[in-house]
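Peer 1: Any chance you could fold what I've pasted below:
(one chain, ligands or ions: 1)
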Amino acid sequence: MNVKRIRTDRQIQACFPVIRQLRPHLIETEFVMRVRRQEEAGFRLVAVFAGRKPCAVAGYRIAECLSRGRNLYVDDLVTDEKYRSQGLGKVLLDWLIREARGHKCEQLALDSGVQRFAAHRFYLRHGMNITAHHFALDLQRRSRNGKPGNSG
Ligand SMILES: CC(C)(COP(=O)(O)OP(=O)(O)OC[C@H]1O[C@@H](n2cnc3c(N)ncnc32)[C@H](O)[C@@H]1OP(=O)(O)O)[C@@H](O)C(=O)NCCC(=O)NCCS
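Peer 2: All right, here's what the predicted structure looks like:
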């Protein structure tokens, strides 16, 4: 299984049905524009394909900060539900680790929603440690409406 970089608008759009399974709040017609905007800040999409269709997708960027040094930050990692538990998540994670090493990163890091217990098992099984609590303040909501946020 090869991991390919997603470059064209058509390839980005083809990732949407998979990404939507992780980020259900995204709007299909805005997806390409949002990815292109994030790319200007270093964001990259990669995917594993089944024929011409992406079946597992990762979004990441190379970042640097005082706490972690140079790191590869994984924004999104999702396998199409039809293809889960077939090793595609591991293929993507291994590719991301190689990419991080290639960029001389000291760390690969990500946030994962507290409710994603199965994903946590996946990360722990692959040698990752839980190293932080993530805090967020929603600046768009004027009053609390009880809806959970969508990060991680
Ligand atoms: C986490 C995820 C990317 C793993 O991808 P994958 O292609 O299933 O990964 P692999 O086949 O290499 O490993 C499978 C393991 O991942 C874990 N896993 C996590 N969520 C799972 C799910 N919904 N279905 C199946 N396995 C899942 C299990 O430990 C599983 O091991 P098992 O098959 O022995 O039960 C994928 O399950 C997924 O997209 N989950 C929903 C989105 C998500 O939570 N992404 C992480 C955001 S931080």
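
Peer 1: C-alpha only now, for contacts and for neighbours.
Peer 2: Noted.

Peer 1: For the chain, which segments count as strands?
Peer 2: Counting by DSSP state E, the chain has strands at residues 3-5, 44-50, 53-65, 69-79, 107-110.

Peer 1: Tell me the buried residues in stretch 90-110?
Peer 2: Residues 91-93, 95-96, 100, 105, 108-110 are the ones in stretch 90-110 that count as buried (16 or more other Cα atoms under 10 Å).

Peer 1: wait, what's in contact with the residue nearest the centre of the chain?
Peer 2: In the chain, the centroid-proximal residue (Cα atoms, centre = their mean) is D76; its distance is 1.1 Å. Applying Cα atoms under 8 Å, 6 or more residues apart in numbering to D76 gives the contacts 19, 22, 57-60, 152.

Peer 1: and the ligand, which of the residues you listed reach it?
Peer 2: Residues of the contacts of D76 in contact with the ligand (Cα under 6 Å from any ligand atom): 22, 152.

Peer 1: Let me have the contacts of D76 in JSON lines, extended by pLDDT and neighbour count.
Peer 2: Output for the contacts of D76, formatted as JSON lines (pLDDT from 0 to 100; neighbours: other Cα atoms under 10 Å):
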{"residue": "I19", "pLDDT": "98", "neighbour count": "24"}
{"residue": "L22", "pLDDT": "98", "neighbour count": "17"}
{"residue": "V57", "pLDDT": "98", "neighbour count": "26"}
{"residue": "A58", "pLDDT": "98", "neighbour count": "26"}
{"residue": "G59", "pLDDT": "98", "neighbour count": "19"}
{"residue": "Y60", "pLDDT": "98", "neighbour count": "21"}
{"residue": "G152", "pLDDT": "76", "neighbour count": "17"}
